[in-house]
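**Student:** Below are the sequence and a predicted model for it; my questions follow.
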Amino acid sequence: MRGSLTNPIPADPCRRCGICCHPAVIVGRLSIVIPGIRCRFLRDSPGGATTCEVYERRFEAAPWCLTLPAARESHALAADCPSHTLGEDVAGKHRVRPGALASARPAIARALLEAGVPAWVDVEGVLAFLTSAGLPVSRTIVIREGILGFVVEPGGLLSRNRD
């Protein structure tokens, strides 16, 4: 068990992986994150870490940002995040290996078109992913408050019009 006297939780257990700053895409029973589909304030740092460009004022600049307790409760952290107090969260988010990402791209693209994405994501990342899946987007629309959808150009591999 984590957090015992012999294995205390570090004062700042964050690995700076950025997974909590990516919306979850549900594919099957897995909650996954897609590189590039992430908060518009998340930046890559040397060595594979990420940083938030508005961290000190994140709750004002990014009102969607979660506190650590709220992120734990809503399964917004990585499944294996060291910030979990009781070990791994099986409902938490997972990164997809690049090889698996390539083969799962059509299913992930369908899930994105079905659910949309939170309006706080970097839309360019979503457009790049959908285009790489053979789905050129003709326009971005608001599906409902805070959720964006995408209209795919006719003839796209998985065409689905949301109008």
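**Tutor:** Nice, thanks for sending it over.
**Student:** low-confidence ranges in the chain?
**Tutor:** Along the chain, the model assigns pLDDT under 70 to residues 1-12, 86, 155-163.
**Student:** The most centrally placed residue in it - nearest residue in space that isn't next to it in sequence?
**Tutor:** Per C-alpha atoms, centre = their mean, the C-alpha nearest to the average position across the chain is that of His22, at 2.2 Å. Of all residues not flanking His22 in the chain, Val33 sits nearest, at 3.7 Å (C-beta to C-beta, 6 or more residues apart in numbering). Any C-beta I mention is one placed from the backbone N, CA and C, and that applies to glycine too.
**Student:** you'd agree the one you found is up against Val25?
**Tutor:** Yes - using C-beta atoms under 8 Å, Val33 is in contact with Val25, at 7.2 Å.
**Student:** now the helices for this protein?
**Tutor:** 58-61, 68-73, 98-115, 123-132 (DSSP state H).
**Student:** Turn those into CSV, including mean neighbour count.
**Tutor:** Shown next, in CSV, are the helices of the chain (neighbours: other C-beta atoms under 10 Å):
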stretch, mean neighbour count
helix 58-61, 13
helix 68-73, 14
helix 98-115, 16
helix 123-132, 17
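**Student:** Now render these as a markdown table, adding distance to Arg144.
**Tutor:** Formatted as a markdown table, the helices of the chain follow (distance: least, C-beta to C-beta, whole Å):
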| stretch | distance to Arg144 |
| --- | --- |
| helix 58-61 | 23 |
| helix 68-73 | 22 |
| helix 98-115 | 11 |
| helix 123-132 | 16 |
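**Student:** Between those, which one is closest to Gly47.
**Tutor:** Closest to Gly47 of the helices of the chain, according to C-beta to C-beta: helix 98-115, at 18.4 Å.
**Student:** and the closest one with helix 123-132, angle?
**Tutor:** Per axes from the mean of the first three to the mean of the last three C-alpha atoms, to 10 degrees, the angle that helix 98-115 makes with helix 123-132 is 110 degrees.
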